[in-house]
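Asks: okay, structure incoming, though there's no sequence with it:
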């Protein structure tokens with residue numbers, strides 16, 4: 001198998017599918033922000049930020065470890081997936097039940113507390129969907145997941161628009177998310193059963209081995225989720241739901257953009273894991289190509305989002321969210337850390353060195369919480385955004401140091417520098433065209449950036465042939 005082509009094709013299929021779901025998500029955000037208003041959207045963001053912290057305790061790093069185990073031991077697929085399904089069922093019921101109970105002791109409004117209970121069902125279904133996803137990822141057939149995700153998002157859009165037209169209120173919006181997640185899980189599970197029939201297994205010894213193996217990664221993911229989500233929760237407790245709404249809308253855009261490194265590195269992980277068992281030179285090449293790809297993806301998003309942030313927020317969320325524009329400008333600076341840190345972290349995981357990430361993530365979490373405590377009371381959502389940017393930069397520096405000193409890998413900066421130059425020129429073009437509607441600015445920026453990539457040879461005709469020859473093979 002040509003792994004470069006397989007990774008590229010799998011990533012492209014996912015990105016095409018994700019582009020469709022992103023377009024759907026943009027429409028959903030537009031409907032929600034206009035229907036709920038800043039304060040209502042603040043309640044919505046609070047519900048899922050709170051549940052997001054508990055969701056990570058269900059995952060505990062199990063998804064990444066499952067993909068790695070399936071890649072290393074394909075002969076044990078049924079046992080691995082069956083026991084993972086049983087384990088997630090038990091963890092999901094216990095943890096989301098606990099999250100719902102704890103919510104009633106927090107200083108939230110009654111409608112937010114009820115929303116958390118309903119939302120916990122949506123998050124439980126989403127956690128179960130990791131089972132089919134792990135097999136799809138390992139076999140590099142993520143188009144199956146893309147199909148399920150597209151259908152689920154369209155169902156969510158239809159449900160939310162219908163509920164809004166009937167003016168059913170906030171809680172029915174949360175039920176719309178439940179319906180969508182149920183559809184995604186059921187479609188994914190049906191496709192999984194057609195590939196590899198499984199059923200829940202409850203082998204404690206296997207669970208113990210899985211949890212022990214996943215624990216270091218689980219700790220890292222728990223810590224990263226805490227510092228990624230805690231700002232919203234702290235903002236909801238230290239400021240008003242209006243502040244949460246202003247912060248939550250651009251933060252949602254940040255979350256949407258972060259699917260790019262997640263999708264790409266999830267495709268790279270099983271291939272890199274296999275390569276570590278055979279040839280470290282191949283791993284080094286995969287590492288550098290991954291860094292190049294995510295540099296090309298991250299830099300234009302940083303510069304482009306920074307320039308068009310305010311008109312983009314007004315277009316997506318309405319004039320009521322005009323203050324979200326400057327917040328998005330600050331948050332866009334974190335994209336570089338998020339994207340490039342993905343390369344470092346997944347490389348460390350593929351090398352089975354995830355224990356080395358625990359201490360850095362403890363430091364980052366303490367740093368982030370401290371920054372939020374200091375900055376939010378004085379600067380509100382701008383303080384929270386600044387804490388996010390600073391934390392991502394800190395993590396990138398530490399993880400890069402680990403990859404360099406422990407694995408001996410370092411990126412080549414040639415493609416990065418070319419992409420940086422292309423992004424700066426693109427930003428200048430966008431500034432010169434600032435009087436145009438943002439719907440024109442986005443394609444203008446994309447065309448100018450892609451053109452400059454070819455002019456600087458950051459991307460070549462040979463690169464495209466490698467990617468697209470997979471489609472015809």
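Replies: That came through, no problem. Every value quoted in this text rests on a predicted model; they were computed, and no experiment measured them.
Asks: which stretches of this structure have low pLDDT?
Replies: Within the chain, the ranges that satisfy pLDDT under 70 run 1-15, 17-18, 140, 460-473.
Asks: Three-state assignment for the residue nearest to residue 245 when sequence neighbours are not counted, please.
Replies: Leaving aside its sequence neighbours, residue 245 sits nearest to residue 42 (C-beta to C-beta, 6 or more residues apart in numbering; 3.4 Å). Every residue, glycine included, has its C-beta placed from N, CA and C. Three-state call for residue 42 (DSSP: H, G, I helix; E, B strand; the rest coil): helix.
Asks: what is the neighbour count of residue 42?
Replies: Using other C-beta atoms under 10 Å, residue 42 has 26 neighbouring residues.
Asks: and residue 105, helix, strand or coil?
Replies: Assignment for residue 105 (three-state DSSP): coil.
Asks: also residue 155?
Replies: Following three-state DSSP, residue 155 is assigned to helix.
Asks: how close does it get to residue 277?
Replies: 41 Å (C-beta to C-beta, to the nearest Å).
Asks: picking up where we left off before, what's the distance between the residue nearest to residue 245 and residue 278?
Replies: 51 Å.
Asks: now do residue 355
Replies: Taken as C-beta to C-beta, the span from residue 355 to residue 278 is 23 Å.
Asks: please say which of the two ends up with more neighbours.
Replies: Just comparing residue 355 and residue 278: by other C-beta under 10 Å the higher neighbour count belongs to residue 355, 13 against 9.
Asks: show me what contacts that one?
Replies: Residue 355 sits next to residue 216 when contact means C-beta atoms under 8 Å, 6 or more residues apart in numbering.
Asks: tell me the SS of it?
Replies: Per three-state DSSP, residue 355 ends up helix.
Asks: same question for residue 197.
Replies: Going by three-state DSSP: residue 197 is coil.
Asks: could you do residue 26 as well?
Replies: Following three-state DSSP, we place residue 26 in the helix state.
Asks: and it, what is it in contact with?
Replies: Counting by C-beta under 8 Å, 6+ apart, the residues that residue 26 touches are 256, 316.
Asks: kindly recompute the last result at 7 Å.
Replies: With contact taken as C-beta atoms under 7 Å, 6 or more residues apart in numbering, residue 26 is in contact with residue 316.
Asks: check residue 257 too.
Replies: When contacts are counted by C-beta under 7 Å, 6+ apart, residue 257 touches 301, 335.
Asks: next, count neighbours for residue 251.
Replies: 26.
Asks: residue 109 too?
Replies: 11.
Asks: what's the nearest residue to it if we skip its chain neighbours?
Replies: Distance criterion C-beta to C-beta, 6+ apart; nearest residue to residue 109, sequence neighbours excluded, is residue 43 at 7.2 Å.
Asks: from residue 16, how far off is residue 72?
Replies: 29 Å.
Asks: those two: who's more crowded?
Replies: Neighbours were counted for residue 72 and for residue 16 using other C-beta under 10 Å; residue 72 has more, 15 against 12.
Asks: wait, the more buried one sits on residue 276?
Replies: No: applying C-beta atoms under 7 Å as the test, residue 72 and residue 276 come out as separate, 9.8 Å apart.
Asks: residues that sit against both of these two, list them.
Replies: Joint contacts of residue 72 and residue 276 (C-beta under 7 Å, 6+ apart) do not exist.
Asks: re the thing from before, neighbour-wise, which of residue 155 and residue 277 wins?
Replies: residue 155 (19 against 10).
Asks: which ones are touching that one?
Replies: Residue 155 neighbours (C-beta under 7 Å, 6+ apart): 179, 180, 183.
Asks: what about those, which one has the most neighbours?
Replies: Highest neighbour count within these: residue 180, with 26 neighbours (other C-beta under 10 Å).
Asks: for that residue, which non-adjacent residue is spatially closest?
Replies: residue 156 (3.3 Å).
Asks: number of nearby residues for the one you found?
Replies: Applying other C-beta under 10 Å, we find 25 residues neighbouring residue 156.
Asks: that one reaches residue 29, doesn't it?
Replies: No: Residue 156 lies out of contact with residue 29 (C-beta under 7 Å); the separation is 11.5 Å.
Asks: helix or strand next in line after the helix or strand where residue 16 lies, which one?
Replies: In this structure, residue 16 is located in helix 3-59 according to DSSP states H and E. Next along the chain after helix 3-59, taking DSSP H and E as the criterion, comes helix 62-72.
Asks: hmm, who's touching that following helix?
Replies: So helix 62-72 is contacted by 77, 80, 84, 130, 134-135, 137-138, 210, 213-214, 217, 269-270, 273-274, 349 (C-beta under 7 Å, 6+ apart).
Asks: distance of residue 286 relative to residue 267?
Replies: Residue 286 is 11 Å from residue 267, where distance means C-beta to C-beta.
Asks: no, scratch that, I was asking about residue 214
Replies: Distance from residue 214 to residue 267, by C-beta to C-beta: 20 Å.
Asks: got it, and residue 137?
Replies: 7 Å.
Asks: could you do residue 79 as well?
Replies: 24 Å.
Asks: compare the two (neighbour count), which wins?
Replies: Neighbours per residue (other C-beta under 10 Å) separate residue 79 from residue 267, with residue 267 holding more: 25 against 15.
Asks: so the more buried one is in which element?
Replies: For residue 267, the element it lies in under DSSP H and E is helix 259-276.
Asks: just want the angle from the helix or strand just after that helix to helix 3-59.
Replies: Beyond helix 259-276 in the direction of the C-terminus, DSSP H and E gives the next helix or strand as helix 280-317. Relative orientation of helix 280-317 versus helix 3-59 (axes from the mean of the first three to the mean of the last three C-alpha atoms, to 10 degrees): 60 degrees.
Asks: name the residues of helix 280-317 that are buried.
Replies: Residues of helix 280-317 classed as buried under the neighbour-count rule (16 or more other C-beta atoms under 10 Å) are 283-284, 286-317.
Asks: and residue 168, which of the three is it?
Replies: Of the three states, residue 168 takes coil under three-state DSSP.
Asks: dihedrals phi and psi, it?
Replies: The phi and psi torsions at residue 168 (degrees, to the nearest 10) take the values phi -80, psi -20.
Asks: what about it, distance to residue 127?
Replies: 26 Å.
Asks: who has more neighbours, these two?
Replies: Each of residue 168 and residue 127 has its neighbours counted (other C-beta under 10 Å); residue 127 has more, 25 against 13.
Asks: run through the residues that contact the more buried one.
Replies: Each residue near residue 127 by C-beta under 7 Å, 6+ apart is listed here: 55, 58, 59, 88, 92.
Asks: who touches the third one in this structure?
Replies: I take that to be residue 59. With C-beta under 7 Å, 6+ apart as the criterion, the residues that contact residue 59 are 127, 130, 221.
Asks: so residue 304 touches residue 445, yeah?
Replies: Yes: between residue 304 and residue 445 there is a contact under C-beta under 7 Å: 4.9 Å.
Asks: overlap in contacts of these two?
Replies: 426, 430.
Asks: can you tell me how far residue 430 is from residue 317?
Replies: 20 Å.
Asks: actually, residue 149.
Replies: 23 Å.
Asks: the residue nearest to residue 109 against residue 240, yeah?
Replies: No: the pair residue 43 and residue 240 fails to qualify as a contact (C-beta under 7 Å) at a distance of 10.8 Å.
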